[in-house]
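Engineer: Pasting the sequence and the predicted coordinates here, then a few questions.
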Amino acid sequence: MSQKLVLIDGHSILNRAFYGVPDLSNAEGLHTNAIYGFLNIMFKILEEEKPEYLAVAFDVHAPTFRHKMYEAYKGTRKPMPEELREQVPVMKEILKAMHITIMEQAGLEADDILGTLAKKAEQAGLEVSLVSGDRDLLQIATDHIKIRIPKTKQGRTEIEDYYAADVLAAYQVTPLQFIELKALMGDTADNIPGVPKVGEKTAQALMVEYGSLDNIYAHVEEISKKSIRESLIEHKDLADLSKTLATIKTDCELQLDYEQARAEGFYTPEAYTLCKRLEFKNLLGRFEKDAAANDSKIAESFRQIEDKKEFLQYLKKAQKQKEIGLWLITEPVDATTKKEELLGVALSVSDEETVFYALTHEKEPEGQLSLFAEAVESVDDTAEITEALQELSAGTDTQIATFDVKHQYDYLDRSSTEQYFDVLIAAYLLNPLKNDYDMEAIASEHLGILIPGRAEVFGKRDFRTLLSEDAGKAMEYACYGAYVSRKGKKVLKDKLEAAGMKCLMEEMEMPLSLVLYDMQKEGVAVKREELKAYGDALVARIEELEQSIHTQAGTEFNINSPKQLGEVLFETMQIPGGKKTKTGYSTAADVLEKLSADYPIVRDILEYRGLTKLKSTYADGLAAFIEEDGRIHTNFNQTITATGRISSTEPNLQNIPMRMELGRQIRKVFIPREGYEFMDADYSQIELRVLAHMSGDEQLIDAYRQEEDIHRITASKVFHTPFEQVTDLQRRNAKAVNFGIVYGISSFGLSQDLSISKKEAAQYIEQYFATYPKVKEFIDKLVADAKEKGYTETMFGRRRPIPELSSSNFMQRSFGERVAMNAPIQGTAADIIKIAMIKVWKALKEEGLKSRLILQVHDELLVETAREEEARVREILTENMKSAADLAVTLEIDLHTGNNWYEAK
DNA sequence: TTCTTCACG
DNA sequence: ACGTACGTGAAGAAA
């Protein structure tokens, strides 16, 4: 058996894959569909052929001789879409990482490289498979050179194979004649003009009859069809040019280094890391076992300390270190609670030394006393270890790098945050668009090292199980955490500094992490019984509505199912209001509301929807989160949002009903503890004020100086109406435009919101911009700057990348533009309230007050206030919120107190 | 797991 | 011509 060479036409396959694979992108916003498709095709071919050698050819972007000839003839080539262009360098990077030979040479097209290499290999006695999406290559086919054309359809890749005989069978011409066939018929995709009026059929007939281009012209007078004959004669120059264009060179000065082109050693750690970054989860398996061998080098320096005394001494010694990495592993005590216990401590002091200690926990004796109870020296050493950790982390002599510090404050010194650096927060600031920031991702993206992933190590096990089942793995996993934290700090700190976010990190996010920790720890008291009663009260009405809806529909169905509901309303009942979504009928509230006037059943459905939402999400949902202390401890997440806001989960306490009275009643179950009251302060239109400041628009700033209803003033200015005569409608419209500006205005969006025509909406916007000209200037500049830099920035330097801005897709690009307008405004407002939170928290703490900050809802702070401290807390909130930022307009707040959250709003 | 809907700012 | 307002999280259904 002779040896085999696989040659791949890089751009052509990438192109095929780009159009054949649905749009994909990773968390960085990089499009990846073409790369994904390419790799799939390549792996498929490799598995089929098992070749000895492999090379990929690319065009160099500089125009080649053939292009120039063509461009001289007719314009330029169609540009490559940006989504594809950005994938080319990454594709090459991944091929390089896989040690696959890339052939490219200025002045040579990929076709010529492929043709030359194929012919040379054939002469050397190899079997050649040439993979391309381009039928042009068929002219190269012989008995030993197989042209393979992959077709991607419906996610499946099928490959058409052509030896010389197959070309003859398919086109009735030999591969060499195929060149002239192409020259006659042309190829728009390949920019070969061809002879006008000669298409595939005519060209084929001519070639079959005359055998060559020369022979056709020798007998051109015999051609019966007048129009074809004349076109051939008139456009002989085009035929000749086309032949030159269509001919692939096979005699270039080019050598393939067969040693380097060996088809082996693809699965390198670099390639694995890249695949991971590109989020090709199902390709990762190919790399894993080879990559695993490489992991162990770092892990060789990891060790476990078994003896508690030894570990305590180690912690003491570590206090002399200036920089350490520390990672504490905690897990909930059991599935019923959020309460966690400390399971392990990993400490990394240098590249050579990272250690791990596993804590022991005394377990309650179950059932009868064991005979061996005396023999088991199982004591809970949490207290001792915690004490040592507190000592280690107190003061600023030892800088501690860690991952997710908020989850570890239980065991650390909390008198300041200056000694901590959280690589999780740093990674978030550097790119807030990612879905998760696990240790593996940070290690690979920022340190370029490969570490075993959580899923890989744990499977479905938790850390506790892992410790008992595979202590070595558990130790290694924990140590990686400390190691990556310590190493990552240096890199991330530099990156933050370079991006101008050092201050944001050190003075805003790190202190905030402790504030959020305290808020979570504090929680908020909820009246369990009242919440239950609220839910029960809903049930009766829900059941009544369910009956009524089923009766009116004449059929029993699941009202909660949009699919069934759509079918019942728009098919069974024949209610007009047609399709909307790709999966079926839309039954969203705005659709149903338009129908509710005419159809009683629709009114019932809307009411039903509202009530079941309250029951499931709030009544039942919240009840499940009340802990033993009678309080709900939400998670405040600091590394989720794209704009810098914080988010709340398990449960979400940032979306408790407010706008509708019935829902709002739920707020009555949130109560202060005995002897306390709630004090709630929210910023008044903080985003619009931020807009006024950032744009510097004198009119808008002036409007705020008047301390009057801003929407009314806007209406007065925009509609040229005296302030007192502004109608409610005018005010509502002005308010919608104000909101629209903050969201990244579009006439369509505004028209939807106000139920007016796009044209009218556009007029409002125009008038608004005429009133506030600098606002227009400002948001235009935001978009322009973002396009140039690829990201937007808040007043405090927080960045948000906007990859969509370079999209060739209108929808995506428009989205990017709206985001560019919104993110700096929403983000700056988020920054301001974060500053306020830190200031309020500090003031309460420094003055030794009992009152506590417990909730944040984007522009609102809730303080559980000791009654005797009311006056002082009022001052603290007011002062600190107002002075959180120095803007051209004042920051105003609305502040209320009450015996529950309902009263305090 | 993904989609649809809906609660909040 | 394209088809949306910005930012979240949770529940239930469908796939």
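Structural biologist: Yep, it's here.
Engineer: burial of the residue lying closest to residue A:137 once chain neighbours are set aside, as a residue count?
Structural biologist: Leaving aside its chain neighbours, residue A:137 sits nearest to residue A:147 (5.1 Å; criterion: C-beta to C-beta, 6 or more residues apart in numbering). For the C-beta atoms, the positions are set from N, CA and C on the backbone; glycine is no exception. Neighbourhood size, residue A:147 [other C-beta atoms under 10 Å]: 29.
Engineer: quick one: buried residues of whichever strand or helix holds residue A:147?
Structural biologist: Under the criterion of DSSP states H and E, residue A:147 resides in strand A:145-153. Within strand A:145-153, the residues that count as buried by 16 or more other C-beta atoms under 10 Å are A:145-150, A:152.
Engineer: Pull the residues that contact it.
Structural biologist: Strand A:145-153 has contacts (C-beta atoms under 8 Å, 6 or more residues apart in numbering) with A:13, A:16-17, A:20-21, A:37, A:41, A:44-45, A:118-119, A:122, A:127-135, A:137-138, A:140-141, A:157-163, A:167.
Engineer: Ok, stretch A:831-839 next?
Structural biologist: Stretch A:831-839 has contacts (C-beta under 8 Å, 6+ apart) with A:504, A:508-509, A:511-512, A:515, A:644, A:646, A:683, A:686, A:690, A:794-796, A:798, A:853, A:856, A:858-859, A:861, A:880-881, A:883-885, A:891.
Engineer: still on that earlier bit, taking the contacts of strand A:145-153 one by one, which sit in helices?
Structural biologist: A:13, A:16-17, A:20, A:37, A:41, A:44-45, A:118-119, A:122, A:167 (DSSP state H).
Engineer: which one in the residues you listed is the model shakiest on?
Structural biologist: By pLDDT, residue A:20 ranks lowest within the ones in helices among the contacts of strand A:145-153, coming in at 80.
Engineer: where's it relative to residue A:146, distance?
Structural biologist: 21 Å (C-beta to C-beta, to the nearest Å).
Engineer: Residue A:529: neighbour count?
Structural biologist: For residue A:529, using other C-beta under 10 Å, the count is 8.
Engineer: Identify the residues contacting it.
Structural biologist: Counted by C-beta under 8 Å, 6+ apart, residue A:529 has zero contacts.
Engineer: what sits against residue A:608?
Structural biologist: Here residue A:608 is in contact with A:542, A:545-546, A:549, A:559 (criterion: C-beta under 8 Å, 6+ apart).
Engineer: Pipe these into a markdown table and attach distance to DNA strand C per row.
Structural biologist: Below are the contacts of residue A:608 laid out as a markdown table (distance: C-beta to the nearest atom of the strand, whole Å):
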| residue | distance to DNA strand C |
| --- | --- |
| A:542 | 11 |
| A:545 | 15 |
| A:546 | 12 |
| A:549 | 14 |
| A:559 | 8 |
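Engineer: Partner strands of the strand holding residue A:147, with direction?
Structural biologist: strand A:127-131 (parallel), strand A:156-162 (antiparallel) (DSSP bridges).
Engineer: can you give me the mean pLDDT across whichever strand or helix holds residue A:297?
Structural biologist: Under the criterion of DSSP H and E, residue A:297 resides in helix A:284-299. Mean pLDDT, computed over helix A:284-299, is 68.
Engineer: what's near enough to touch the residue of the stretch 1-150 of chain A at minimum distance from DNA strand B?
Structural biologist: Taking C-beta to the nearest atom of the strand, DNA strand B has its nearest neighbour within the stretch 1-150 of chain A at residue A:22, 10.5 Å off. Residues in contact with residue A:22 (C-beta under 8 Å, 6+ apart) are residue A:33.
Engineer: And it, how far from residue A:13?
Structural biologist: Distance from residue A:22 to residue A:13, by C-beta to C-beta: 17 Å.
Engineer: you'd agree residue A:397 is up against residue A:322?
Structural biologist: Yes - Residue A:397 is within contact range of residue A:322, at 7.4 Å (criterion: C-beta atoms under 8 Å).
Engineer: Provide the count of other residues in contact range of residue A:234.
Structural biologist: Neighbours of residue A:234 using other C-beta under 10 Å come to 12.
Engineer: same check, this time on the one 5 residues further on
Structural biologist: Under the neighbour criterion other C-beta under 10 Å, residue A:239 is assigned a count of 21.
Engineer: Tell me which of the strands paired with strand A:145-153 sits nearest to DNA strand C.
Structural biologist: Using C-beta to the nearest atom of the strand, these put strand A:156-162 closest to DNA strand C, at 17.3 Å.
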